[in-house]
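Engineer: The following block contains a protein sequence and its predicted model.
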Amino acid sequence: MKTADAVAHFGTVLRLARVLEISPAAVYAWALNDPVAASEAVNSVQSRFAQARLRTELVNGWSASAEKRALGEWIAELPDGDAKQRFMGALSRGLLRDGPEELIAWVESIPAESDPNFKNLAVLKAMNTLAHKHYLRAVEWIDANADQEYARNAGAVVVRHWSRADPKAALDWGLEFSDETQRDRAVGYAFPAWLEAEPEVAEAWLKARVPSAALDSAVRIMVRQTMSTSFEGAMAWAEKIENRQKRKSSVVDLAQKWRRQDSEAAEAWMASADLSDEMRQQILEGPRAGGQRRRPAGPPHLRQRRAGAAENP
């Protein structure tokens, strides 16, 4: 079947599908041949539920086509949300099938000036996809673009994949991040992986290090892990947290838990501990009535959407 005939055939199938029941397989096949025409047809579908279902197949077919780079322009026009992120991931995987350098070339071709948020999303998804099997190439790319915000924002996802193969090396790299949020996320991925692979070595390494803000995430992991076997040991770790506010919060929370499980031992510790009057009072009072406020579930953009809906029923 010639290309023109194939396009006409798939168009007929989709038009019939609108009357009867839409066939995702037809959309996928059409997207392989003429993704732009297929996207226009999908956009004309009235049912939002059906359109969302068809868009998934549209993106799957488009990301496997010879015109997959054009898919990025289509995704850029979508509103921010879960679908946009999923589609960007599908495109990244499609580009990677053509080789790591094809994926990198595409992400480098996106201008950062016109839409910084889209550039950030593209780099994040591309590096996440690349690092799954080519983490050292992802590390190399991020190091080469370290002066760019979009590269710094993708560092932690690379550490997550690298940690599965060499958590210590991934941890050392992550600790050098200048962005505090990315650094803490990187440590949160790498240190537990190292702790699981070599618990004694990882713990000894952390214990020998001079306390610093960069290590606070790892120390807090040790607090949580040690608490199940020794509150006293966990408290020794909590006192190593460099950030004053985080240290105070961890000590108070840990002491409250300790008192609930073994009040005599906890109060014996409190008698000799260097605690401010405020901290002692917080420990003795325990959590406020009703417990801590439950944090809304879901990613931030969905929580904001629900909050807006509640304010404007």
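Structural biologist: Yep, it's here.
Engineer: Who are the packing partners of the lengthiest helix in the chain?
Structural biologist: What stands out as the longest helix in the chain, according to DSSP state H, is helix 116-144. Applying 3 or more C-beta pairs under 8 Å, 6 or more residues apart in numbering; DSSP states H and E, one finds that helix 116-144 contacts helix 82-96, helix 100-109, helix 149-152, helix 155-162. In short, each C-beta sits where N, CA and C put it, glycine included.
Engineer: Tell me which of these sits nearest to residue 66.
Structural biologist: Taking C-beta to C-beta, helix 82-96 is the member of these nearest to residue 66, at 10.8 Å.
Engineer: If you count neighbours, what's buried in the closest one?
Structural biologist: 84, 85, 87, 88, 89, 90, 91, 92, 93, 94, 95, 96 (16 or more other C-beta atoms under 10 Å).
Engineer: would JSON lines of the helices and strands packed on helix 116-144 with mean pLDDT and distance to residue 66 be doable?
Structural biologist: Formatted as JSON lines, the helices and strands packed on helix 116-144 follow (pLDDT from 0 to 100; distance: least, C-beta to C-beta, whole Å):
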{"stretch": "helix 82-96", "mean pLDDT": "96", "distance to residue 66": "11"}
{"stretch": "helix 100-109", "mean pLDDT": "96", "distance to residue 66": "12"}
{"stretch": "helix 149-152", "mean pLDDT": "93", "distance to residue 66": "27"}
{"stretch": "helix 155-162", "mean pLDDT": "97", "distance to residue 66": "28"}
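Engineer: re the thing from before, pipe the buried residues of helix 82-96 into a markdown table and attach distance to residue 199 per row.
Structural biologist: As requested, the buried residues of helix 82-96 are exported to a markdown table (distance: C-beta to C-beta, whole Å):
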| residue | distance to residue 199 |
| --- | --- |
| 84 | 40 |
| 85 | 35 |
| 87 | 40 |
| 88 | 37 |
| 89 | 33 |
| 90 | 38 |
| 91 | 40 |
| 92 | 35 |
| 93 | 35 |
| 94 | 40 |
| 95 | 39 |
| 96 | 34 |
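Engineer: of all those residues, which two lie farthest apart?
Structural biologist: The widest separation within the buried residues of helix 82-96 (C-beta to C-beta) is 18.9 Å, between 84 and 96.
Engineer: lowest-pLDDT helix or strand in the chain?
Structural biologist: helix 300-311 (a mean of 44; mean pLDDT, DSSP states H and E).
Engineer: Residue 209: which of the helices and strands packed on helix 116-144 is closest?
Structural biologist: Nearest of the helices and strands packed on helix 116-144 to residue 209, taken as C-beta to C-beta: helix 155-162 at 18.2 Å.
Engineer: who does that closest one touch, helix- and strand-wise?
Structural biologist: helix 116-144, helix 167-174, helix 180-197.
Engineer: Run through the neighbouring helices and strands of the last one.
Structural biologist: Pointing back at helix 180-197 there. Where contact means 3+ C-beta pairs under 8 Å, 6+ apart, helix 180-197 is packed against helix 155-162, helix 167-174, helix 199-208, helix 216-227.
Engineer: export those helices to TSV and tack on mean neighbour count?
Structural biologist: Listed next are those as TSV, based on neighbours: other C-beta atoms under 10 Å:
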stretch	mean neighbour count
helix 155-162	25
helix 167-174	20
helix 199-208	14
helix 216-227	21
